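> I would like the atomic coordinates for the input below:
(one chain, ligands or ions: 1)
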Amino acid sequence: MYKCMNCGKEISGEDLKKRIRCPFCGYRILLKKRPEIGKRVKAR
Ligand SMILES: [Zn+2]
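As a prediction, the model looks like this:
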């Protein structure tokens, strides 16, 4: 996952295969973001 430094939207890596650019605003500086794997602990 990437995050646009301009508009703050999250962009998946698949959208950036062709070009590193925010598809929403066209900004070209994207912050690489680690995918957060939400491990749910079963509460009981
Ligand atoms: Zn953007």
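> tally of neighbours for Gly26?
If you count neighbours by other Cβ atoms under 10 Å, Gly26 ends up with 10. Quick note: C-beta positions are derived from backbone N, CA and C, even for glycine.
> Repeat that for the one 4 residues further on.
For Leu30, the number of neighbouring residues by other Cβ under 10 Å comes to 19.
> Which residues are in contact with Arg28?
Residues in contact with Arg28 (Cβ atoms under 8 Å, 6 or more residues apart in numbering) are Ile20, Arg21, Cys22.
> does the second one sit in a helix, a strand or a coil?
For Arg21, the secondary structure call by DSSP: H, G, I helix; E, B strand; the rest coil comes out as coil.
> While we're on the residue lying closest to Asp15 once chain neighbours are set aside, how confident is the model there?
What sits nearest to Asp15 in space, not counting adjacent residues and going by Cβ to Cβ, 6 or more residues apart in numbering, is Pro23, at 5.7 Å. On pLDDT, Pro23 comes in at 90.
> Pro23 reaches Glu14, doesn't it?
No. Counting by Cβ atoms under 8 Å, Pro23 does not reach Glu14; the two are 11.0 Å apart.
> of these two, who's got more company?
Pro23 (13 against 7).
> Roughly how far does the more buried one sit from the ion?
With the distance defined as Cβ to the ion, to the nearest Å, Pro23 ends up 8 Å from the ion.
> Would you mind listing where the protein has pLDDT under the threshold?
35-38 (pLDDT under 70).
> Strands of that one, residue ranges please.
2-4, 10-11, 30-32 (DSSP state E).
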